[in-house]
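> need the 3D shape of this:
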Amino acid sequence: MSTGTGAASAPAPTTPHTGKSSMFSSLKIRNYRLFFLGQVVSNIGTWMQRIAQDWLVLSLTGSATAVGVTTALQFLPMLLFGLYGGVLVDRLPKRRTLLVTQTALAVTGIALAVLTLTGHVQVWHVYVAALAVGLATVVDNPARQSFVSEMVGPRQLQNAVSLNSANFQSARLVGPAAAGLLITGVGTGWAFLFNGLSFVAPIAGLLLMRARELHVVERAPRGKGQLREGLQYVAGRPELIWTIALVGFIGTFGFNFPVYLSAFADDVFHAGAGSYSLFNTLMAIGSLAGALLAARRGTARMRVMIAAALLFGAVELVAATAPSLWLFALLMVPIGMFGMTVNVTANTSVQMSTDPAMRGRVMALYMMVFMGGSPVGAPIAGWITDVYGVRAGLAVGGAISAAAAVTIGLLLARVGGLRLSVGWNHGHPHVRFVPRERQEQLAPA
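Model (predicted):
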């Protein structure tokens with residue numbers, strides 16, 4: 001097995017089985033089942049803390065800017081140190097690493113709960129807690145992403161990544177509603193307490209796993225230049241760099257929904273907070289559907305990723321011109337579905353194409369690009385919305401996403417020795433990429 005000490009030594013990526021699989025096939029694996037069930041509880045707690053955290057800051061300060069500072073503090077560590085987190089993950093045993101990071105996240109939630117419930121909480125406490133969560137996430141995120149392959153192996157990777165996304169989107173439907181009930185019923189501190197205690201579930205799952213059933217990879221040894229080595233590894237593989245670039249474009253310009261949806265609710269349709277909640281709920285339903293559909297596919301095909309990215313941008317363009325609230329709301333479902341399909345397919349493709357000894361660094365770069373796009377793109381989207389209107393802002397985001405899908409699709413096809421084939425199949429238009437040597441045979445079709 002390669003140690004990942006150089007790009008030239010990387011083995012060829014393992015190819016997963018083809019064809020459709022059972023939607024929940026990876027749950028048959030005991031270790032992954034324990035992980036999945038733990039994440040069900042933890043993800044609900046995470047969404048509850050997000051809502052409670054913003055509400056608490058707003059209650060303490062009355063300032064939306066303070067809420068933005070809290071969010072920035074939580075994501076800033078990923079932007080600054082995300083790649084270093086990947087280097088650490090490649091060096092360390094992932095299961096033990098997750099035990100440490102999940103415990104740190106639990107302690108943060110419980111500390112914030114104690115301060116809030118005792119009436120001693122101040123806004124700087126929330127800032128410190130948000131920064132602590134961000135620092136733990138720097139290591140926790142790439143560790144969780146790359147640990148999935150160790151639990152399920154290459155054959156079930158697509159299914160497991162898809163179910164992880166479905167898990168998170170399901171919590172997105174339950175968590176905010178539960179947080180709202182707790183905040184209005186008994187107070188903000190209880191939402192923090194639930195989140196802190198919710199980490200008992202994933203920690204217990206990690207402790208109960210059977211180490212002998214893990215697909216453990218050889219860890220990268222300590223050495224100089226490992227961060228640079230990871231970047232060179234990605235730069236030398238077009239299938240990685242262009243996939244990450246596509247996710248970056250869509251995350252930066254297409255996923256600025258906090259800016260767009262609130263403006264559509266208030267400024268365009270004059271419908272208030274209820275419609276904003278409706279838009280987010282329908283998008284979460286679409287995302288959940290996209291994750292479950294991805295779980296049924298047996299492989300992570302590039303053409304699925306490119307097509308989903310193109311459709312994501314196209315539907316955003318249509319939504320930008322939607323004349324009524326209900327049409328706009330219904331379009332949130334396919335937007336969520338296509339956006340999640342891009343994310344799941346890209347995530348699986350990157351993991352499958354990466355040397356296991358490099359996976360932590362590559363997934364750290366992937367998550368840094370995906371999560372770090374919003375802080376960069378949101379101010380741009382906000383400026384376009386303020387100057388030209390929210391319809392123009394959403395249209396620009398959709399157009400950039402669609403253009404990136406077409407451009408990167410053509411680049412990946414060229415790298416793979418493919419050409420675009422357009423024809424008819426049983427009376428229907430048929431568009432696909434085929435090997436260059438087959439183009440002349442398929443053209444008459």
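> excluding chain neighbours, what is closest to G254?
S401 (3.9 Å; C-beta to C-beta, 6 or more residues apart in numbering). For every residue, glycine as well, the C-beta is placed using N, CA and C.
> tell me if I'm right that the one you found and G251 touch.
No: taking C-beta atoms under 8 Å as the definition, S401 is not a contact partner of G251, at 9.6 Å.
> helix or strand for the most centrally placed residue in the chain, which one?
Centroid check for the chain by C-alpha atoms, centre = their mean gives N343 as the closest residue, at 6.1 Å. Using DSSP states H and E, the element containing N343 is helix 325-352.
> just the pLDDT at the residue nearest to G254, thanks.
Note on S401: pLDDT of 95.
> and the closest residue to E239 other than its chain neighbours, how many neighbours does it have?
Nearest residue to E239 in three dimensions, chain neighbours excluded: S353, at 5.4 Å (C-beta to C-beta, 6+ apart). When neighbours are counted by other C-beta atoms under 10 Å, S353 registers 17.
> ok, back up a step: ok, and for the helix holding N343, which residues are buried?
Buried residues in helix 325-352, counting neighbours by 16 or more other C-beta atoms under 10 Å, are found at 325, 328-329, 331-352.
> roughly how far is the lengthiest helix in the chain from the heart of the chain?
For the chain, the helix with the greatest residue count under DSSP state H is helix 30-61. Between the centre of helix 30-61 and the centre of its chain there are 15 Å (C-alpha atoms, centre = their mean, to the nearest Å).
> kindly report the same for stretch 291-298.
For stretch 291-298, the distance to the chain centre is 16 Å (C-alpha atoms, centre = their mean).
> and what of stretch 178-196?
Relative to its parent chain, stretch 178-196 has a centroid offset of 25 Å by C-alpha atoms, centre = their mean.
> contacts for it next, please.
When contacts are defined by C-beta atoms under 8 Å, 6 or more residues apart in numbering, stretch 178-196 is touched by residues 44-53, 55-56, 59, 106-117, 121.
> now the buried members of the residues you listed.
For the contacts of stretch 178-196, a neighbour count by 16+ other C-beta under 10 Å gives the buried set as 44-53, 55-56, 106, 108-113, 115-117, 121.
> what helix or strand is the nearest residue to F338 once chain neighbours are set aside located in?
In this structure, F338 finds its nearest non-sequential neighbour in F312, 3.9 Å apart by C-beta to C-beta, 6+ apart. For F312, the host element (DSSP H and E) is helix 302-320.
> check A178 too.
Using DSSP H and E, A178 falls in helix 157-185.
> next SSE downstream of that helix?
helix 188-198.
> which residues touch the closest residue to Q226 other than its chain neighbours?
Leaving aside its chain neighbours, Q226 sits nearest to V87 (5.0 Å; criterion: C-beta to C-beta, 6+ apart). For V87, the contacting residues are 220, 226-227, 230, 360-361, 364, by C-beta under 8 Å, 6+ apart.
> can you list those in a markdown table and add pLDDT?
Output for the contacts of V87, formatted as a markdown table (pLDDT from 0 to 100):
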| residue | pLDDT |
| --- | --- |
| A220 | 61 |
| Q226 | 75 |
| L227 | 77 |
| G230 | 80 |
| G360 | 81 |
| R361 | 83 |
| A364 | 81 |
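> buried subset of the residues you listed, written for PyMOL?
Listed next is the PyMOL selection for buried residues among those, using 16+ other C-beta under 10 Å:
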select buried, resi 220+226+230+360+361+364
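> still on that earlier bit, my guess is the residue nearest to E239 contacts I241. True?
No: at 10.7 Å, S353 does not count as touching I241 under the criterion of C-beta under 8 Å.
> quick revisit: quick one: average confidence on the longest helix of the chain?
Rounded mean pLDDT across helix 30-61 is 89.
> which SS state does the nearest residue to G248 once chain neighbours are set aside fall under?
Spatially, and ignoring its direct neighbours in sequence, G248 is nearest to V369 (4.2 Å; C-beta to C-beta, 6+ apart). Using DSSP: H, G, I helix; E, B strand; the rest coil as the criterion, the local structure at V369 reads helix.
> tell me if I am right that T354 is in a helix.
No: assigned with three-state DSSP, T354 falls outside any helix and is coil.
> quick check: phi and psi on it?
phi -110, psi 140 (degrees, to the nearest 10).
> what comes up buried for the helix or strand hosting Y84?
Assigned by DSSP H and E, Y84 belongs to helix 64-91. Under the neighbour-count criterion of 16+ other C-beta under 10 Å, helix 64-91 has 66-67, 69-71, 73-79, 81-91 buried.
> distance of T116 relative to A191?
When distance is defined by C-beta to C-beta, to the nearest Å, T116 is 9 Å away from A191.
> do the same with G339
Relative to A191, G339 is positioned 27 Å away (C-beta to C-beta).
> cool, and A329?
Computed as C-beta to C-beta, the A329 to A191 distance reads 27 Å.
> one more: G38?
19 Å.
> go on, A308?
Distance of A308 to A191, computed by C-beta to C-beta: 34 Å.
> more neighbours: these two, which one.
The neighbour comparison of A308 against A191 (other C-beta under 10 Å) goes to A191, with 31 against 24.
> distance-wise, check the more buried one relative to G119.
16 Å.
> and for A178?
For A178, the distance to G119 - C-beta to C-beta - is 23 Å.
> more neighbours: the two, which one.
The neighbour count for A178 versus G119, taken as other C-beta under 10 Å, is higher for A178 (17 against 7).
> for that one, report the pLDDT, please.
A178 carries a pLDDT value of 82.
> from P154, how far off is it?
A178 is 36 Å from P154, by C-beta to C-beta.
> before we move on, what about N167?
Between N167 and P154 the distance is 21 Å, computed by C-beta to C-beta.
> just to be sure, T101 is in a helix?
Yes: assessed by three-state DSSP, T101 belongs to a helix.
> for D386, see how far away A178 is.
The gap separating A178 from D386 is 34 Å, by C-beta to C-beta.
> please disregard the earlier target; I meant V128.
32 Å.
> same question, V406
From V406 to D386 the distance is 29 Å (C-beta to C-beta).
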